[in-house]
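Enquirer: here is a sequence together with a model predicted from it:
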Amino acid sequence: MDNSSGDSSGVGVLDKAALVLGALESGPATLAGLVGATGLARPTAHRMAVALEYHRLLARDMQGRFVLGPRLAELAAAAGEDRLLAAAGPVLTGLRDLTGESAQLYRRQGDMRICVAAAERLSGLRDTVPVGSTLPMKAGSAAQILLAWEEPERLHHGLQGARFTATALSGVRRRGWAQSIGEREPGVASVSAPVRGPSNRVVAAVSVSGPIERLTRHPGRMHAQALLDAAGRLTEALRRTGG
């Protein structure tokens, strides 16, 4: 396609990708529909669509038509991270003060989770997770939260090598919170709850963690309600701002 109409960025492959994505804004399309909407040659449109599907920017519906993919929703959620972090500070501080334990906020990034905000216990034995720490998605209550509501294929992939099971995640979805005892690190327990964006998708996990000696082997009994309340405040903050 001759993209000399003034809409060219000078990077042809990105211009073509943008055309394909834009063509799907109004709904699903077959390959022939993409060709008609973009003006791209059929082999080019097919190559672009398959590449975008590989990166989850496109997907297929039940009829095999191309649709916008789940990665776009994830990127949109990440765009709201500044609003989430602005709300997180006072919520985590309040959670720490209420529970007496360190509080953290985690976002998922691929097969890892990142601590994006924290309020550390002020004294005594504590579980310190510095902001910016990258932890695996295979263990810990926050990992359970960030995986439990994923689409089936990603859920199945995430369970491979995990220290929790599909049955455990079913329990997480049923009660709305997760706990772990010595799962991520020996002697450490934690409780987590989901933070949801405007579309109700889980975008983060809010947690408290500390030594098993204080949290006991049933940390959810002690702190689940506090976590649910904190997660609810963060969810409400995102929805108020269109997060």
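Expert: That came in fine, so what should we check first?
Enquirer: going forward, measure contacts and count neighbours with C-alpha atoms only.
Expert: Fine.
Enquirer: what is the least confident helix or strand in the chain by mean pLDDT packed up against?
Expert: Lowest by mean pLDDT, DSSP states H and E among the helices and strands of the chain is helix 70-79, with a mean of 76. Using 3 or more Cα pairs under 8 Å, 6 or more residues apart in numbering; DSSP states H and E as the contact test, no helix or strand touches helix 70-79.
Enquirer: may I have it as PDB, with CA atoms only?
Expert: Only the C-alpha atoms of helix 70-79 are listed here, as PDB (Å, rounded to 0.1, in the frame of the first residue of the first chain):
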ATOM      1  CA  PRO A  70      -6.200  -9.200  25.400                       C
ATOM      2  CA  ARG A  71      -2.800  -7.500  25.500                       C
ATOM      3  CA  LEU A  72      -4.400  -4.200  24.600                       C
ATOM      4  CA  ALA A  73      -6.500  -4.400  27.800                       C
ATOM      5  CA  GLU A  74      -3.400  -5.100  29.800                       C
ATOM      6  CA  LEU A  75      -1.700  -2.100  28.300                       C
ATOM      7  CA  ALA A  76      -4.700   0.100  29.000                       C
ATOM      8  CA  ALA A  77      -4.600  -1.100  32.600                       C
ATOM      9  CA  ALA A  78      -1.000  -0.200  32.800                       C
ATOM     10  CA  ALA A  79      -1.800   3.300  31.600                       C
END
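Enquirer: so what's the gap between the helix or strand following it and the chain middle?
Expert: Going down the chain from helix 70-79, the next helix or strand is helix 81-99, by DSSP states H and E. Distance of helix 81-99 from the chain centroid (Cα atoms, centre = their mean, to the nearest Å) equals 18 Å.
Enquirer: what average pLDDT does helix 81-99 get?
Expert: For helix 81-99, mean pLDDT is 91.
Enquirer: and it, which residues are buried?
Expert: Within helix 81-99, the residues that count as buried by 16 or more other Cα atoms under 10 Å are 81, 83-84, 87-89, 91-97, 99.
Enquirer: on contacts alone, who are the packing partners of the helix or strand following it?
Expert: The element immediately downstream of helix 81-99 (helix or strand, assigned by DSSP H and E) is strand 102-109. The helices and strands touching strand 102-109, judged by 3+ Cα pairs under 8 Å, 6+ apart, are helix 81-99, strand 112-119, helix 141-148, strand 202-211.
Enquirer: can you redo these as CSV with distance to residue 234?
Expert: Formatted as CSV, these follow (distance: least, Cα to Cα, whole Å):
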stretch, distance to residue 234
helix 81-99, 6
strand 112-119, 12
helix 141-148, 15
strand 202-211, 9
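Enquirer: so which of those gets nearest residue 167?
Expert: Ranking the helices and strands packed on strand 102-109 by proximity to residue 167 (Cα to Cα) places helix 141-148 first, at 10.2 Å.
Enquirer: any weak-confidence spans in the chain?
Expert: Along the chain, the parts satisfying pLDDT under 70 run over 1-7, 77-81, 241-243.
Enquirer: helices or strands up against the longest helix seen in it?
Expert: Ranked by residue count, the top helix of the chain under DSSP state H comes out as helix 219-240. With contacts defined as 3+ Cα pairs under 8 Å, 6+ apart, the packing partners of helix 219-240 are helix 81-99, strand 178-181, strand 188-196, strand 202-211.
Enquirer: using JSON lines, lay out the ones you listed together with distance to residue 148.
Expert: Shown next, in JSON lines, are these (distance: least, Cα to Cα, whole Å):
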{"stretch": "helix 81-99", "distance to residue 148": "21"}
{"stretch": "strand 178-181", "distance to residue 148": "9"}
{"stretch": "strand 188-196", "distance to residue 148": "10"}
{"stretch": "strand 202-211", "distance to residue 148": "9"}
